[in-house]
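**Q** Provided below for reference: sequence and predicted model.
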Amino acid sequence: MSAPQLEVADIVRAHGAAFMQTHKLPRHHLRVLSAIARCRSAALGGHVERCDKCSYERISYNSCRNRHCPKCGALAKEKWLRAREEELLPVPYFHIVFTLPEELNALAQTNQREVYTILFHAASETVLHTWGQTLVEHPHLHCIVPGGGLSSDGTRWIASKENFFIAVHVLSQVFRGKFLDQLKKAYRAGRLKCVGKVTSLGQRKVFQQLLDRLYTKGWVVYAKQPFGGPQQVLAYLGRYTHRVAISNHRLVSMQDDTVTFQWRDYRDESKTKLMTLEAHEFLRRFLLHVLPEGCCIEDTTTRVDNAHEDEINIEI
């Protein structure tokens, strides 16, 4: 695949400084923008590569190795895949996706760490007892679940049916109940911030009305046996665990204050289409997919330049 003509880094360098002035961003968003802007540039230093035969020299600049950088993550992804493959058991596996209702999008964006942690816990408790293309909000969790589990005394394996795990409607109801129960406890403990778009949820009556609506709504849980085995699903997930939101190869153009990129419309026979956004809106949507530091998800972010770890610099 040829090198992309346009990169997210180009957009950050051209519009990042102005975006930061007009948007109040958390520090981990600032760190990501700074890392992407400086990735593989003189700002991070580099080394000289020399041919032993012709003495040709080439300067290679260091990578930022940030988990959210479209140019980084390949090596970390391969290490992650190898480690996950070593954990697989010699049993059938199922691919299950847990999706939060859109009514929770705003609350999740305001409370990423808390809501994503609840999502992980609720999903794991639903199936275990012992162990979007247009860059809009779409919190969901992919799981690879073995078809069965250990007996209560831990001495034998109890297998599920080869082609059937658990009825999807049962998974959906249990997941909904466990997620909302933990969300309610987090709210009562004062761990949820009700600001911005969700300020009204600071009123207990309004929050309870939201819970009531969510309890009566069907939640989406997708489940199927992975075609070709769990390794195929791991490879699929590996494309996302160390990359966020959009690849550089999907970018088409940056003109004036707009960015055009490709997206796949799954509701229209998976046709590839173009979308044009204002540059600031593009960056806002990109940052929606940046995970908070210390999130329950395995953090592969590496700070390359410790001397500048507190420096937020977009222009290089």
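**A** Yes, it's here.
**Q** so for L201, what's the pLDDT?
**A** With respect to pLDDT, L201 scores 96.
**Q** just D256 next, same as before
**A** 90.
**Q** if I look at it, how far off is H15?
**A** 10 Å (Cβ to Cβ, to the nearest Å). Glycine gets a C-beta too; all of them are placed from N, C-alpha and C.
**Q** kindly report the same for L81.
**A** From L81 to H15 the distance is 34 Å (Cβ to Cβ).
**Q** who's in contact with the spatially closest residue to V174 that is not a sequence neighbour?
**A** Closest residue to V174 apart from its sequence neighbours, by Cβ to Cβ, 6 or more residues apart in numbering: T126 at 4.8 Å. Counting by Cβ atoms under 8 Å, 6 or more residues apart in numbering, T126 touches 98, 171, 174-175, 178.
**Q** could I have the CA atoms of stretch 49-67 written out in PDB?
**A** Coordinates of each C-alpha in stretch 49-67 appear next as PDB, following Å, rounded to 0.1, in the frame of the first residue of the first chain:
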ATOM      1  CA  GLU A  49      20.700   5.100   8.500                       C
ATOM      2  CA  ARG A  50      23.700   4.400   6.200                       C
ATOM      3  CA  CYS A  51      24.100   1.800   3.400                       C
ATOM      4  CA  ASP A  52      27.300  -0.300   3.900                       C
ATOM      5  CA  LYS A  53      27.800  -0.600   0.200                       C
ATOM      6  CA  CYS A  54      27.200   2.900  -1.300                       C
ATOM      7  CA  SER A  55      27.400   5.000   1.900                       C
ATOM      8  CA  TYR A  56      24.000   6.500   1.200                       C
ATOM      9  CA  GLU A  57      22.600   8.200   4.300                       C
ATOM     10  CA  ARG A  58      19.000   8.700   5.300                       C
ATOM     11  CA  ILE A  59      17.600  10.400   8.400                       C
ATOM     12  CA  SER A  60      14.800   8.500  10.200                       C
ATOM     13  CA  TYR A  61      12.900  10.400  12.800                       C
ATOM     14  CA  ASN A  62      11.500   8.800  15.900                       C
ATOM     15  CA  SER A  63       7.900   7.800  16.300                       C
ATOM     16  CA  CYS A  64       5.700   9.100  19.100                       C
ATOM     17  CA  ARG A  65       4.400   5.500  19.800                       C
ATOM     18  CA  ASN A  66       1.100   6.900  21.100                       C
ATOM     19  CA  ARG A  67      -1.800   4.400  20.900                       C
END
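**Q** what mean pLDDT does that stretch have?
**A** Stretch 49-67 comes out with an average pLDDT of 86.
**Q** go through that stretch and flag the buried ones.
**A** By neighbour count with 16 or more other Cβ atoms under 10 Å, stretch 49-67 contains the buried residues 62-67.
**Q** which stretches of the protein have low pLDDT?
**A** For the chain, the stretches with pLDDT under 70 are 1, 73-74, 127-138, 227, 239-244, 293-316.
**Q** coming back round to it: which one's more surrounded, D256 and H15?
**A** In this view D256 and H15 are compared by other Cβ atoms under 10 Å, and H15 has more residues nearby, 19 against 6.
**Q** got the contact list for stretch 161-180?
**A** Under Cβ under 8 Å, 6+ apart, the answer for stretch 161-180 is 92, 94, 96, 98, 100, 118-119, 121-123, 125-127, 145, 147, 160, 211, 214-215, 217-223, 225.
**Q** measure stretch 218-232 end to end?
**A** Distance across stretch 218-232, first residue to last, is 29 Å (Cα to Cα, to the nearest Å).
**Q** same question for stretch 153-170.
**A** 25 Å.
**Q** touching, Q112 and L291? I think so.
**A** Yes. The pair Q112 / L291 is scored as a contact, 6.9 Å apart, by Cβ atoms under 8 Å.
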